[in-house]
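S.K.: return a 3D structure for these sequence lines:
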Amino acid sequence: MSRLSRQHVARWALHAGFCVLLVAAVAKLASLDAFARSLYSWDLLPPWSVPTLSLVIPVAEGIVAGLWFLGEHRRLATQAYVALLAAFTIALGAHLALARPPSCHCFGLMLRFEASVADATWAIVRNGVLIALICGASLLQRGSTSSAGPTRAKLSARRGTPRRAFTIIEILIGIALIAVLLSIVIPSMRGVRRGAQSAVSLTHLRQHATTLHLYSGDNAESFPFLTDPYASFTTFRTPSGTASVQFFELHLAWNFPLSAEYYGGDPFHESFRMPYAEFYGASAYYYADCFIARPEYWNPSTRVGPAQWSGTRQSDVLFPSLKGMVRERHSWIERDTGRSVQPGSGERPPEPVRFVRVDGASGAASTTGFLPVIPSGPGQSPPVSYLSYGLPIMHTLNGVRGRDVP
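M.R.: Alright, predicted model coming up:
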């Protein structure tokens, strides 16, 4: 290969590597919430550092990529890029070394753990390839440049005084201006994106409501009652995967038993994925627990125990326009359902909960917009779920005979 060809190959390889970095920075800035959620899953990082790191990392990546594409201080940019990749790779390796599977054997947590390990492994491989690409291309370019040194010196002498280069201060000011513009534009873009994702999620919820009514019509007006109240775990097997859950964990795995008849045999059907959350195999939409126990179980004064764990029928629902049937996956802040976020506290209010009612109408409400639930949720005697607290839609007071919204 000629010296000129080697230079072209090296230059384009470096351009490609820095394009990857720039795209990664823009993607993180456009979805800061999702990036922060992924960082929260790292055992290495203290929770208080995540908000800062979720902003500092993409900004640093953007600055390094900006230095390269502005054509100045490229050696510094290359060294910084390799350092970033090496730091991330070491952190991912430590994350893998410290990761331990959940001790509770909960289906959802186990899937999340497996997905986290797979993602970290893939990221280490990807970073290793990028480090090899950047280092190899940089060495190739340096070798070609050094061998062409005398010729370039003569050409430079003939051309006279070289053009004035940007100073590091000018570059940083330009990057700061771009950052200000992005801080103005990105929130509005995020709002539009979030609105579109919300519309998709509501469509998924209505589709699930239709499916559950089809199931009810096929089964003498009964809603799905699919876990065994007398077994420690119920196992659902499909060609695509297997799920083992406790009695009141059906809301995590109802996509498995219903997939054969109603979702084309695919328990990982697109409709089980929330468009703004990671998918771990468990359904991102919860089929309410109160549909697999009698209404009396969902009132503290009449709760007896497992004898009340049985299916419900459409005729049991007294307020179909006010009772939710399926809802989005919960966030941990909902443990404190009904608590208001104090102004000036710096705490972000929880996202609205999107859900679909028994009558098929979808909607959304804040956690304070729901009627009271059973505080202990499904209960823990005997152990039947990873949940030990009540959630709107899931654990409605008086079950299917109750109401979730005023």
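S.K.: now do stretch 274-288: distance to the chain's middle.
M.R.: The gap between the average C-alpha position of stretch 274-288 and the chain average comes to 10 Å, counting by Cα atoms, centre = their mean, to the nearest Å.
S.K.: whoops, stretch 272-291 was the one
M.R.: When distances are taken as Cα atoms, centre = their mean, stretch 272-291 is centred 12 Å away from the chain's centroid.
S.K.: can you give me the end-to-end span of it?
M.R.: Stretch 272-291 has its terminal residues 19 Å apart, counting by Cα to Cα, to the nearest Å.
S.K.: list the buried residues in it.
M.R.: Using 16 or more other Cβ atoms under 10 Å as the test for burial, stretch 272-291 gives 272-277, 279-291. Yep, even glycine has a C-beta here, placed from its N, CA and C like the rest.
S.K.: select from the residues you listed every entry located in strands.
M.R.: Under the assignment DSSP state E, the buried residues of stretch 272-291 contribute Tyr285, Tyr286, Tyr287 to strands.
S.K.: ok, the residue lying closest to the second one once chain neighbours are set aside - how many residues close by?
M.R.: Leaving aside its chain neighbours, Tyr286 sits nearest to His251 (3.9 Å; criterion: Cβ to Cβ, 6 or more residues apart in numbering). By the criterion of other Cβ atoms under 10 Å, His251 has 28 neighbours.
S.K.: how close does the nearest residue to Glu296 once chain neighbours are set aside get to Leu212?
M.R.: Excluding the flanking residues, the one nearest Glu296 by Cβ to Cβ, 6+ apart is Thr302, at 4.2 Å. Shown here: Thr302 relative to Leu212, a distance of 26 Å by Cβ to Cβ, to the nearest Å.
S.K.: repeat for Asn398
M.R.: 20 Å.
S.K.: among the two, which residue is more densely surrounded?
M.R.: Applying other Cβ under 10 Å to Asn398 and Leu212 shows that Leu212 carries more neighbours, namely 22 against 17.
S.K.: pretty sure the more buried one contacts Ser222?
M.R.: No: in terms of Cβ atoms under 8 Å, Leu212 does not count as a neighbour of Ser222; the distance is 10.6 Å.
S.K.: and the pLDDT at Arg206?
M.R.: With respect to pLDDT, Arg206 has a value of 93.
S.K.: so how many other residues sit close to it?
M.R.: By the criterion of other Cβ under 10 Å, Arg206 has 17 neighbours.
S.K.: hang on, the earlier thing: a markdown table please, covering the ones in strands among the buried residues of stretch 272-291 and showing distance to Ala30 and pLDDT.
M.R.: Compiled in a markdown table, those are given as follows (distance: Cβ to Cβ, whole Å; pLDDT from 0 to 100):
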| residue | distance to Ala30 | pLDDT |
| --- | --- | --- |
| Tyr285 | 25 | 92 |
| Tyr286 | 28 | 93 |
| Tyr287 | 32 | 94 |
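S.K.: go through those residues and say which is closest to Ala307.
M.R.: Lowest distance from Ala307 to those (Cβ to Cβ) belongs to Tyr287, with 22.0 Å.
S.K.: show me where the protein has its helices.
M.R.: 3-30, 32-40, 50-69, 74-98, 107-147, 149-159, 168-218, 250-253, 255-262 (DSSP state H).
S.K.: single out the most deeply packed of the ones you listed.
M.R.: Ranked by average neighbour count under the criterion mean count of other Cβ atoms under 10 Å, the helices of the chain are headed by helix 250-253 at a mean of 27.
S.K.: name the helices or strands packed onto that helix?
M.R.: Contact analysis of helix 250-253 by 3 or more Cβ pairs under 8 Å, 6 or more residues apart in numbering; DSSP states H and E lists helix 107-147, strand 241-245, strand 285-287 as its packing neighbours.
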